[in-house]
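# What would the 3D arrangement of this be:
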Amino acid sequence: MSIGLRLKEEREKLGLNQTQLGAIGGVQKQSQLKYENEATFPKADYLTEIAKIGIDVVYVLFGVRADTAISDDEKLLLHKFRNAEPAVRRFMLYGGGDSKAIGQNFEGEIKGGQFSSGTVNHNYHTTPKTDSSMNIQGDGNVQIGGKIRGK
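Take a look at the predicted model:
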């Protein structure tokens, strides 16, 4: 498929006629017609303007779709990823299953704990005494002394 045919395809996809797209690109209908018939080729300023309304200029010129549009959810995910701590980034990428184990080590005597269907709430005291609290979300599996205890 040629540049002219791809330009026409993109124009029709947006429901525009030649006069409308030409005006957006800063040219007359006659110039738009010449672009689509490949009597002449569009200039950069025209392509810049039509790209602003959603014409895939990369596709028009090269026949390959530019997969640059991302959804609002993808934008939010990317923002959260870029602003996350390194451990959180690893978890986001690998779901906790990468070769670098992500875990917690406790030293000293651990006293007390509570297990409740999928959430581990654990208050622990170490020597010397310091109080700390953690809330771990997961599948409810806990490893103690080398044995796995599940739900």
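
# per-domain residue ranges of this protein.
3-62, 70-103, 107-139 (automatic domain parsing).

# among the ones you listed, which gets the worst mean confidence?
Ranked by mean pLDDT, these bottom out at domain 107-139, with a mean of 51.

# correct me, but T40 touches Q32?
No: the criterion here is C-beta atoms under 8 Å, and T40 misses it with Q32 at 10.4 Å. Every C-beta, even on glycine, is put in place using the N, C-alpha and C of the backbone.

# Which of the two has more residues huddled nearby?
Q32 (26 against 11; other C-beta atoms under 10 Å).

# Could you check how far the more buried one is from V57?
Per C-beta to C-beta, to the nearest Å, Q32 is found 15 Å from V57.

# again with K34
Taking C-beta to C-beta, one finds K34 at 18 Å from V57.

# Run through the strands of this protein in chain order.
114-116, 119-125, 131-137, 142-144, 147-149 (DSSP state E).
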